[in-house]
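Peer 1: compute the structure for the input listed below.
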Amino acid sequence: MASQNTSPRAPCPRAVAKSTLNDGDRVILIDAKGRSYFKQLRAGHRMTIRGTIFRADEIIGAAEGCVAGDGPAAAFRVFRPTIAELVPDLPRTAEPIFAKDLGQILVHTDIKAGLSVLEIGVGNGLLTIALLGALGEQGRLSSYEIREDFAASARRNVERHAGSSANWTITVRDAALGLDESDFDRAVVDLPDPVRCLDSIAGALRPGGLVGFFLPTVMQVASLHEGLEKHPFFLYAVTREVLERSWHVENGSIRPDQRMIGHTGFVTTVRRSAD
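Peer 2: Modelled structure (predicted):
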């Protein structure tokens, strides 16, 4: 990663509105070499990273993107983390969905503000956080998870990184046994055997609604397509795999990075037909 401009050192400028860093915010601090560290701002507290001291009171109320820190390496920029940056930071009770897969799910399932969305399988809650951000305050997200430990982890992560959400509910239940809700605009599914839930999804989704499935292996995708082809309410299944490779760009040196995010999973989207 190219070096980031973090000097000269100056007091964090005060900020207003959306750019203001607040007490309780989760932040990411990035040094001159692009290395990042997660912290939480708490009034009256001090934080230390490799000998550099950060006083939370000097950052709270400042503009996002300011320089902070006192010490020999006092060259850190302070930002709120993006969803992609949260992937390595979230505690994992299940295999995570990576940012490149989140993008495929959100775009190809056409998740947008104001919709009602059914989520089956929450994992560590990263997809839940992305969905809540896309749906906005006018949207509605209803999540179902069969395992209480996964549901508890997702609750903690959502509260930690997205705050309390009045438009989100999570229910511990096997979705294959049926759902109490219906007329959803979209559904997203992260299960090892989603075919078990196809009847429940069809019953909960409005005609014309879209479903996005995330699966890690080819055999799971084959089983899903077979189930969709036999089901009377699902049409036009498309499966995509995305590979991600970043590039090194610095001082006239431009080349692919030696490491890339290869296969993590397949995203399959399908439409629900009318009755």
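Peer 1: name the residues of the helix or strand bottoming out on mean pLDDT in the chain that are buried.
Peer 2: Across the helices and strands of the chain, mean confidence by mean pLDDT, DSSP states H and E is lowest for helix 83-86: a mean of 75. Buried residues in helix 83-86, defined by neighbour count with 16 or more other C-beta atoms under 10 Å: 83, 86. Backbone N, C-alpha and C define where each C-beta goes, glycine included.
Peer 1: helices and strands around it, which ones?
Peer 2: When contacts are defined as 3 or more C-beta pairs under 8 Å, 6 or more residues apart in numbering; DSSP states H and E, helix 83-86 packs onto helix 99-108, helix 126-135.
Peer 1: got a list of contacts for it?
Peer 2: When contacts are defined by C-beta atoms under 8 Å, 6 or more residues apart in numbering, helix 83-86 is touched by residues 28, 36, 99, 102, 126, 129-130, 133, 161.
Peer 1: please parse this structure into its domains.
Peer 2: As recorded under automatic domain parsing, the domains making up the chain are 17-81, 85-272.
Peer 1: so how far is the longest helix along the chain off the chain centroid?
Peer 2: Once the chain is assigned using DSSP state H, the helix that runs over the most residues is helix 148-162. Between the mean C-alpha point of helix 148-162 and the mean C-alpha point of its chain there is a distance of 12 Å (C-alpha atoms, centre = their mean, to the nearest Å).
Peer 1: partner strands of the helix or strand just after that helix and their direction?
Peer 2: Following helix 148-162 in sequence order, the next helix or strand is strand 168-172 (DSSP states H and E). Paired strands of strand 168-172, with direction, are strand 140-145 (parallel) (DSSP bridges).
Peer 1: touching stretch 137-154 from outside, list them.
Peer 2: Stretch 137-154 is contacted by residues 91, 93-94, 113-125, 128, 131-132, 135, 165, 167-175, 179, 181, 184 when judged by C-beta under 8 Å, 6+ apart.
Peer 1: now do the helix or strand hosting Ile254: which elements does it pack against?
Peer 2: Element membership for Ile254 (DSSP H and E) is strand 253-256. When contacts are defined as 3+ C-beta pairs under 8 Å, 6+ apart, strand 253-256 sits against strand 247-250.
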